[in-house]
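S.K.: dropping a prediction and its sequence here:
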Amino acid sequence: MTLHTQIEELSLRLSRTTTWSGLPTESFYGPKQPDANYDANLGDPGTYPFTRGAFPQMYRSRMWTLRNIVGYGAPEDTRDGVAEATRSGSAAVDVVFDVVSAQGMDPDHPVVRPDVGLDGCSISSLNDLERLLPDIDITKVDVAWHVTYCIYPMVMAYAKKNGLKLEDLHGSHMPDYLRINIDGGGQKFTAPEFGHRMSIDTLSYCAQKTPRWSVGFPQCYNLRERGATPVTEIAIGMAIVRQTFRDIIKTGVPIDQVAQRMAWVSITDVDLFEEVAKFRALRRIWARMMKEEFGATDPRSMRLRIACHTSGRSLHPQQPLNNLTRAAVQTLAAILGGVQSVETCTFDEPIGVPSPEGRELATHSQLILAHEVGAARTADPLGGSYYVEALTDMVELEALKLLAKVEEHGLLAGIADGTVEQMLDDFNYQREEELRGKERIIVGVNAFPPSSKQRPPRFKIDPASVDEHVRRFTMEKQGRDLQVVQQGLDKVFASVRGTQNTQEAMMEAYLAGATSGEVTGVQRIACGLPYDPFNAIECPFTFR
């Protein structure tokens, strides 16, 4: 059986529309006599402003996509992990890169060599990608690449090399370069102005050249893990979207051509009701913004899709089995909030790379919610709750006030001078103070200590596999025609210094044999930054 066949067979389906005891359930519930206020602020599921859900019958018509993140070691290791995840019930392929590849660096970099393959897959060249994808048809399988740097042009290069049409490419990635400057990367890797341009170039190119490719934008998961609250997530995310859309429109690309292919990459944390309210408020703010500010006419542009991952930060190594409860509640919040895809963290993530057992339990949490709990039987099941409706309004109001504050200061200016990061730091400080004072209780961490300090076995990456991967990568770099590589990188340099779209030049560079470290290094030089963010490598190429 091929991987494609396995994934098709694992798609979630609603197995029951009655309660466990047999009571019938309608596709949605609302007031017996809707009024103007209901229509303007809530509306039935699937109708503007989409507060109650993106589709009329929600999960009755199409279930959320059950996802499981995989990524560790060499490309071959992750390829095996993908197969294992699909066997345990995951219905789509999500690949995460290690911190080295995710920052656009190569595995032979002398400073970051110990991190290669440690927390994700090491992918830095077209050869690496070909080793990962031999069993995956990227025109049929929805591969979600959890990375910003380089993957989109690399996948296009892979398609071109293998005779696939760009318009047939299926998958997604996360081209939110501005969040890199907010969630810890700083200007060491890319300047805010160039990052903003890269997002615009990527979104524009996707809209015009790869119509089946989706983008996770903005990428707010990392912002939340860095310290954003639900209110801050919406405010900063909307500021990024609004600035990007304004500048995309100036390039002549219609907003309806861009927006309908986007999904907000979100998070769901342990406060179930606040997260549900956040998803509802987020859809309403998005719909009104698209219609009233940007003049969208296609309902698909106003109907925000949300891709959600449960919170890794909320999990703890103390009493790790407690994380099963945390992740299950977070997954329930995402479903009750009406998201379109869910990735559930494994209980052992705070200890190391998720084990096969951890991935299976995370997947089965979603299957239990779908088939046993009944969370998918009706759209917006918490709609009409006095508390949830009040909380939805409160989250929306506070998010819009903070958005106005960010835009008054200036988004790019706030990223460059640290103002935006300060918002996250302030919450982190407050959170730590509350933990110390036990105003905020985390079971097994600052209260109810575990009776045993025994931890589950840690999933171990084969160091020999990673060593061989780095050795092979180095040998392949040495065996290239450097004149051909130089010509490819010349195009990258010229695209940054000029006005043409950067994505096609990056694709051509990968086809010429360039690596991610070389592509991003040349882009940094063109922006006036050092070739190597750690100043440990001299650029082996020359540019004018």
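M.R.: That came through fine.

S.K.: so A263, which state does it fall into?
M.R.: Following DSSP: H, G, I helix; E, B strand; the rest coil, we place A263 in the strand state.

S.K.: from what I see, it and R305 are in contact.
M.R.: Yes: look at A263 against R305 with Cβ atoms under 8 Å: they come within range, at 4.1 Å. Backbone N, C-alpha and C define where each C-beta goes, glycine included.

S.K.: mutual contacts of these two, please.
M.R.: By Cβ atoms under 8 Å, 6 or more residues apart in numbering, A263 and R305 have these common neighbours: Q340.

S.K.: those two: which is more packed in?
M.R.: More crowded of A263 and R305, by other Cβ atoms under 10 Å: A263, with 21 against 18.

S.K.: the stretch 101-250 of the chain: helices as residue ranges?
M.R.: Assigned by DSSP state H, counting those that start in this stretch, the stretch 101-250 of the chain shows helices spanning 126-132, 151-161, 178-182, 192-209, 221-226, 230-250.

S.K.: deepest of these, which one?
M.R.: Comparing those by mean neighbour count (mean count of other Cβ atoms under 10 Å), helix 178-182 comes out on top with a mean of 25.

S.K.: not counting that one itself, show me its contacts.
M.R.: Applying Cβ under 8 Å, 6+ apart, the contact partners of helix 178-182 are 148, 187, 189-190, 192, 195-196, 199, 218-220, 222-223, 226, 236, 240, 411-412, 415-416, 420-421, 424.

S.K.: can you add mean pLDDT and distance to P320 and give the helices of the stretch 101-250 of the chain back as JSON lines?
M.R.: As requested, the helices of the stretch 101-250 of the chain are exported to JSON lines (pLDDT from 0 to 100; distance: least, Cβ to Cβ, whole Å):
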{"stretch": "helix 126-132", "mean pLDDT": "95", "distance to P320": "29"}
{"stretch": "helix 151-161", "mean pLDDT": "97", "distance to P320": "31"}
{"stretch": "helix 178-182", "mean pLDDT": "89", "distance to P320": "28"}
{"stretch": "helix 192-209", "mean pLDDT": "94", "distance to P320": "36"}
{"stretch": "helix 221-226", "mean pLDDT": "94", "distance to P320": "18"}
{"stretch": "helix 230-250", "mean pLDDT": "96", "distance to P320": "26"}
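
S.K.: dump the ones you listed into a markdown table; add distance to I441 as well.
M.R.: Listed next are the helices of the stretch 101-250 of the chain as a markdown table, based on distance: least, Cβ to Cβ, whole Å:
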| stretch | distance to I441 |
| --- | --- |
| helix 126-132 | 42 |
| helix 151-161 | 40 |
| helix 178-182 | 29 |
| helix 192-209 | 38 |
| helix 221-226 | 20 |
| helix 230-250 | 19 |
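
S.K.: how close does the residue nearest to G104 when sequence neighbours are not counted sit to F273?
M.R.: Nearest residue to G104 in three dimensions, chain neighbours excluded: T520, at 3.4 Å (Cβ to Cβ, 6 or more residues apart in numbering). Look at T520 and F273: by Cβ to Cβ, to the nearest Å, they are 42 Å apart.

S.K.: so between the two, which is more surrounded?
M.R.: T520 (23 against 16).

S.K.: CA atoms of the longest helix along the chain as CSV?
M.R.: As assigned by DSSP state H, the longest helix anywhere in the chain is helix 386-409. Extracted as CSV, the C-alpha positions of helix 386-409 are listed here (Å, rounded to 0.1, in the frame of the first residue of the first chain):
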residue,chain,number,x,y,z
TYR,A,386,-23.8,34.0,28.1
TYR,A,387,-20.2,33.5,29.1
VAL,A,388,-18.8,32.5,25.7
GLU,A,389,-20.6,35.4,23.9
ALA,A,390,-19.4,37.9,26.5
LEU,A,391,-15.9,36.6,26.3
THR,A,392,-16.0,36.6,22.5
ASP,A,393,-16.9,40.3,22.5
MET,A,394,-14.3,41.1,25.2
VAL,A,395,-11.5,39.4,23.2
GLU,A,396,-12.5,41.2,20.1
LEU,A,397,-12.7,44.6,21.8
GLU,A,398,-9.3,44.2,23.5
ALA,A,399,-7.6,42.9,20.3
LEU,A,400,-8.8,45.8,18.2
LYS,A,401,-7.6,48.3,20.8
LEU,A,402,-4.2,46.7,20.9
LEU,A,403,-4.1,46.5,17.1
ALA,A,404,-4.7,50.2,16.9
LYS,A,405,-1.9,50.8,19.3
VAL,A,406,0.6,48.6,17.3
GLU,A,407,-0.4,50.3,14.0
GLU,A,408,-0.1,53.8,15.5
HIS,A,409,3.5,53.1,16.5
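
S.K.: thanks a lot, see you next time.
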